[in-house]
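> Structure for the following, please:
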Amino acid sequence: MQVRDQYLPGRGSDKMISGIRCSAGRALLLILAAMTVSVSPRYSKAHGAGAGNGGDRSAGTDPPRIDAAVRKEVIDKVALYMKDFYVFSSTGEMMAARIRMLDREGRYDAFDDVREFCDEVTSDLRDICHDRHVFVFHSPEEAKEVAARKGLLPDDEIEKIELAHLERDRQANFGFQAIDILDGNLGYIKLNYFSRADEACEKVVGAIGRLGATDAIIIDLRDNRGGGGGVGAVLSSYFFSSRKVQLTGIYYRRTDSIEQSWTLPYLPGKRLPEIDLYILTGPKTFSAAEDFSYTMKHLGRATIVGERTKGGAHPVDVMIVKDAILVQISIGNSVNPITGTNWEGTGVIPDIEVPEGEALDRAILVALKKVLDRTGAGRKKENLRSLIRWMEQEALLRTDP
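Numbering: from 1, shown residues only. Predicted coordinates:
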């Protein structure tokens, strides 16, 4: 087995989005001193990185009907992909055998709605693997993106698809819904997905530059369903010194190798290796967002506040099965260098468990008290005490109206 270092880990989401890959090596060598950060309203709705577990992805249109020949072709190809590519070969073989057996028994004969058929096959696969990254779905739009990512389209069409994806990414501010400074001089980042675009890495640099003088930073991943690219490695690196630290490792079955992800040796601007860091999680927190949370927790670098996460630790690939029918397959297995395992199926367990709706207030209160403890006598200390008293009174009113 080979072990290879890399600085940019890849990670799937509920639905892995194809597009421009984030190259931190290029993005971080840009001159960023004059870069500004675009900030959306703190509680406004932002676009995520994909949602759902199967079925149809062509919103607003009736899913096409399928016949026995298409069902047979889909079952055979999905079974082959699971057998050949799923990260754990024995599990892949069991999934393949199960859906082929069910097909012979007539399990899928009554399905002519592609959405319902995909959902049923997904459910049968998950009965074996219990892997929330695995699903079969229908999406003409994503089929084009996958074909572009795999180089199956003409160059001009690939460029058009990539530019359209990049524009959608820009409209969603590359997942950064909010970058703010809260009362008490606490930094706040609400990140709703990990973008693969180069500009997303630049957003990280700008965000840390803006929050570099705060007394603590809260990163809100409660609505983050994953993604990929270099954002996670860049963001993590700012919270360590320049000394090289291994973040995670991923075992890939096809190459029988482990790719290790490390902190970046060079970053523009100021690192924050001593700042108090809090990460908010909830049941929607998934995949790359879990990777970031789990890694920072077990490196002793962050306090996790909120609810247990969804529990998906496998990097994925999306493959075209038949026309616009696709399958997402887990092709790797995360291996944390501290625990020797990962969060697959269990989720990331918070250090401070509270309902996700209360996670921000709890993190703010914990952070303020910690800042208060190390603040000398003076106006700042009195202001912190007043803010903490007010927050505690508000919390009491909510629990005992």
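
> got the residue ranges for the strands in the stretch 51-200 of the chain?
When secondary structure is read from DSSP state E, counting those that start in this stretch, the stretch 51-200 of the chain shows strands at 55-56, 135-138, 176-182, 186-191.

> Could you check how far the third one is from the centre of its chain?
Relative to its parent chain, strand 176-182 has a centroid offset of 18 Å by C-alpha atoms, centre = their mean, to the nearest Å.

> Sheet partners, orientation included, of it?
When pairs are called by DSSP bridges, strand 176-182 turns out to pair with strand 186-191 (antiparallel).

> Restricting to C-alpha, output the strand it pairs with in PDB.
Output of strand 186-191 as PDB, limited to C-alpha atoms (Å, rounded to 0.1, in the frame of the first residue of the first chain):
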ATOM      1  CA  LEU A 186     -16.500  37.300  18.600                       C
ATOM      2  CA  GLY A 187     -15.900  36.300  14.900                       C
ATOM      3  CA  TYR A 188     -18.700  34.400  13.200                       C
ATOM      4  CA  ILE A 189     -18.600  32.400   9.900                       C
ATOM      5  CA  LYS A 190     -21.600  30.700   8.500                       C
ATOM      6  CA  LEU A 191     -20.400  28.300   5.800                       C
END
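
> got the buried residues for that strand?
Neighbour-count burial for strand 186-191 flags 186-191 (criterion: 16 or more other C-beta atoms under 10 Å). For glycine as for every other residue, the C-beta is placed from the backbone atoms N, C-alpha and C.

> Could you check how far K380 is from D183?
Distance of K380 to D183, given as C-beta to C-beta, to the nearest Å: 12 Å.

> Compare neighbour counts for those two and give me the winner.
Comparing K380 with D183 by other C-beta atoms under 10 Å, the one with more neighbours is K380, at 15 against 12.

> what's the helix or strand for that one?
Assigning secondary structure by DSSP states H and E places K380 in helix 379-399.

> What is the neighbour count of the nearest residue to V245 once chain neighbours are set aside?
Using C-beta to C-beta, 6 or more residues apart in numbering and skipping residues adjacent in sequence, the residue nearest V245 is T263, 4.6 Å away. For T263, the neighbour count with other C-beta under 10 Å is 22.

> try T91
T91 - counted by other C-beta under 10 Å - has 18 other residues nearby.

> likewise the one 5 residues further on?
Look at A96: counted by other C-beta under 10 Å, it has 22 neighbours.

> was I right about it contacting L80?
Yes. In this structure, A96 is within contact of L80 by C-beta atoms under 8 Å, at 7.0 Å.

> re earlier: check the spacing between the residue nearest to V245 and R71 real quick.
Here the criterion is C-beta to C-beta. By it, T263 lies 48 Å from R71.

> Give me the below-cutoff pLDDT ranges for the stretch 101-250 of the chain.
The model of the stretch 101-250 of the chain has no residue with pLDDT under 70.

> Contacts for whichever strand or helix holds V371 next, please.
Counting by DSSP H and E, the element that carries V371 is helix 359-373. Contact with helix 359-373 is made by 182, 184-186, 215-216, 218, 220, 222, 276, 278, 280-282, 303, 305-307, 352, 354, 381, 384-385, 387-388, 391-392, 394-395, as judged by C-beta atoms under 8 Å, 6 or more residues apart in numbering.

> and if we set it to 6 Å?
If you take C-beta atoms under 6 Å, 6 or more residues apart in numbering as the criterion, helix 359-373 is touched by 184, 186, 215-216, 218, 276, 278, 280, 305-306, 354, 384, 388, 391.

> Now tabulate the residues you listed in a markdown table and tack on distance to Y251.
Output for the contacts of helix 359-373, formatted as a markdown table (distance: C-beta to C-beta, whole Å):
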| residue | distance to Y251 |
| --- | --- |
| G184 | 43 |
| L186 | 38 |
| D215 | 39 |
| A216 | 35 |
| I218 | 32 |
| D276 | 33 |
| Y278 | 30 |
| L280 | 29 |
| V305 | 30 |
| G306 | 29 |
| V354 | 34 |
| L384 | 46 |
| I388 | 46 |
| M391 | 44 |
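
> Most neighbours of all the residues you listed, which one?
In the contacts of helix 359-373, the most neighbours by other C-beta under 10 Å go to G306, 30 neighbours.

> dump the residue contacts of it.
Taking C-beta under 6 Å, 6+ apart as the criterion, G306 is in contact with 280-282, 350, 356, 359.

> do that again at 8 Å, thanks
Contacts were defined as C-beta under 8 Å, 6+ apart; by that measure G306 touches 222, 280-282, 285, 350, 352-356, 359.

> Filter those down to just the ones in strands.
If you go by DSSP state E, the contacts of G306 have 280-281, 352-353 in strands.

> can you put those in JSON lines and add pLDDT and distance to A164?
Rendered in JSON lines, the data for those read as follows (pLDDT from 0 to 100; distance: C-beta to C-beta, whole Å):
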{"residue": "L280", "pLDDT": "98", "distance to A164": "32"}
{"residue": "T281", "pLDDT": "98", "distance to A164": "31"}
{"residue": "I352", "pLDDT": "98", "distance to A164": "41"}
{"residue": "E353", "pLDDT": "98", "distance to A164": "41"}
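
> Tell me the one among the residues you listed nearest to E344.
Of all those, the one sitting nearest E344 is T281; the distance, using C-beta to C-beta, is 15.7 Å.

> Quick one: end-to-end length of stretch 225-240, please.
According to C-alpha to C-alpha, to the nearest Å, stretch 225-240 extends 25 Å from its N-terminal end residue to its C-terminal end residue.
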